[in-house]
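Trainee: Turn this into a structure:
(one chain, ligands or ions: 1)
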Amino acid sequence: MRGPSGSHALRAAARGITAAGRLAPVWLALGLAACSGQQSVLQPSGSGARDAAILWWAMFAGAVVIFALVLAMLLYAVLQPPERRRPVSVDQMVIGGGIALPVVALSILLAFGLRMGSSTYADLPPDAPTVRVEGRQWWWKVEYVGNDSTESFTTANEIHLPVGQPVELLLSSRDVIHSFWVPRLAGKQDLIPGRVNRLVVEAEEPGVFRAQCAEFCGLAHTQMALYVVAVPPEEFEDWAQRQRAPAQLPQTEDQARGAAVFAGNGCALCHAIRGQNAWGQVGPDLTHVGSRLTIGAGLVANTVDNIATWIARNHEMKPGNRMPSYTHLDTDTRLAIGAYLEGLK
Ligand code: CUA
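Mentor: Below is the predicted model of the structure:
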């Protein structure tokens, strides 16, 4: 016979379950909202990210099993009539729940984690591309390291990779701690001033993958993005060949005017444009800026209009960034600079 308190508890539990059931679509929508998208770790396209996703699902499954187990034990205890309830011994609780369960669960996780960690630091074939990525407040300097200076080149806020080939990233920082994270390709790795961290990234399919600084690094931290573009190997070689070349000379009258304004306003003190007497190292290298997807470190699409707006209003678009706002330049002048930079393919 079930005691009065047992049936009362049962009815209360049933009411709770019905209420939760009515909200099921809401829970489901909330739970699945983050399962896809350009920065979803659950939609891996790289070997490192795939390992992380497997680990995530394994931990999720483990958590579900343990949660169900705890709920079942709880229900069992609540539904027991009072006369059949008896206390669990301290030994059982300490040895079973306090030692055995955590040791088993953490050992399994440790084995998983060690295997995953070693794949992140995998050995590379000797011809694998090496890319130095330096975090700056708040953008990314990207340097492809070749066998000599004619093979090396510098770009910014965009990394191109050959699909199916591991690429070695050497991560460092010029100012504060940043963190490099392309959720769909690889695990997270910090960029720390004074040391170099290594991360191996391999894209399994072509695509454009958004990356984000994942360590709070100051005012514009949330606007410190980067795009990783994975293309077939032969396309990657073509791209690298174009990036090694010096900048294209202005082709139109507008572009020539833009180049003159660029030179006359001290832009070259901060920005480098190889082959055009601009050697600045403070801001992003602009030698082939026209070939990039975005400006402002993933902030807005790379268009003539956006460049013109950025030059005068970059502090509204990205508060805190280190570039001065050139409000004294009129719209036509800024559009000419936009046309010049956009021509640097
Ligand atoms: Cu760099 Cu956050």
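Trainee: where do the strands sit along the protein?
Mentor: 130-136, 139-145, 153-156, 158-162, 167-173, 178-181, 189-191, 197-201, 207-213, 225-231, 272-273, 278-279, 294-295, 300-301 (DSSP state E).
Trainee: Mean neighbour count and distance to residue 263 added to the ones you listed, as CSV?
Mentor: (C-beta placed from N, C-alpha, C; glycine too.) Shown next, in CSV, are those (neighbours: other Cβ atoms under 10 Å; distance: least, Cβ to Cβ, whole Å):
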stretch, mean neighbour count, distance to residue 263
strand 130-136, 20, 24
strand 139-145, 20, 22
strand 153-156, 22, 20
strand 158-162, 23, 25
strand 167-173, 21, 31
strand 178-181, 24, 32
strand 189-191, 22, 33
strand 197-201, 20, 37
strand 207-213, 20, 32
strand 225-231, 21, 28
strand 272-273, 22, 10
strand 278-279, 16, 8
strand 294-295, 22, 20
strand 300-301, 12, 25
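Trainee: Nearest to residue 323, out of those?
Mentor: Smallest distance to residue 323 across the strands of the chain (Cβ to Cβ): 9.9 Å, for strand 139-145.
Trainee: quick one: average pLDDT of that closest one?
Mentor: Strand 139-145 carries an average pLDDT of 97.
Trainee: Show me what that strand is packed up against.
Mentor: strand 130-136, strand 153-156 (3 or more Cβ pairs under 8 Å, 6 or more residues apart in numbering; DSSP states H and E).
Trainee: Let me know the angle separating it from strand 158-162.
Mentor: 40 degrees (axes from the mean of the first three to the mean of the last three Cα atoms, to 10 degrees).
Trainee: In CSV, list the strands of the chain along with distance to the ligand.
Mentor: Output for the strands of the chain, formatted as CSV (distance: least, Cβ to the nearest ligand atom, whole Å):
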stretch, distance to the ligand
strand 130-136, 5
strand 139-145, 9
strand 153-156, 14
strand 158-162, 15
strand 167-173, 8
strand 178-181, 3
strand 189-191, 8
strand 197-201, 14
strand 207-213, 3
strand 225-231, 10
strand 272-273, 21
strand 278-279, 25
strand 294-295, 16
strand 300-301, 18
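Trainee: Determine which of those approaches residue 246 most closely.
Mentor: Closest among the strands of the chain, using Cβ to Cβ: strand 272-273, at 8.5 Å.
Trainee: Need the contact partners of that closest one.
Mentor: 154, 247, 262, 278-281, 285-287, 344 (Cβ atoms under 8 Å, 6 or more residues apart in numbering).
Trainee: could I get the strands of the chain as CSV with distance to residue 96?
Mentor: Below are those laid out as CSV (distance: least, Cβ to Cβ, whole Å):
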stretch, distance to residue 96
strand 130-136, 47
strand 139-145, 50
strand 153-156, 56
strand 158-162, 49
strand 167-173, 44
strand 178-181, 38
strand 189-191, 38
strand 197-201, 40
strand 207-213, 42
strand 225-231, 47
strand 272-273, 64
strand 278-279, 68
strand 294-295, 55
strand 300-301, 57
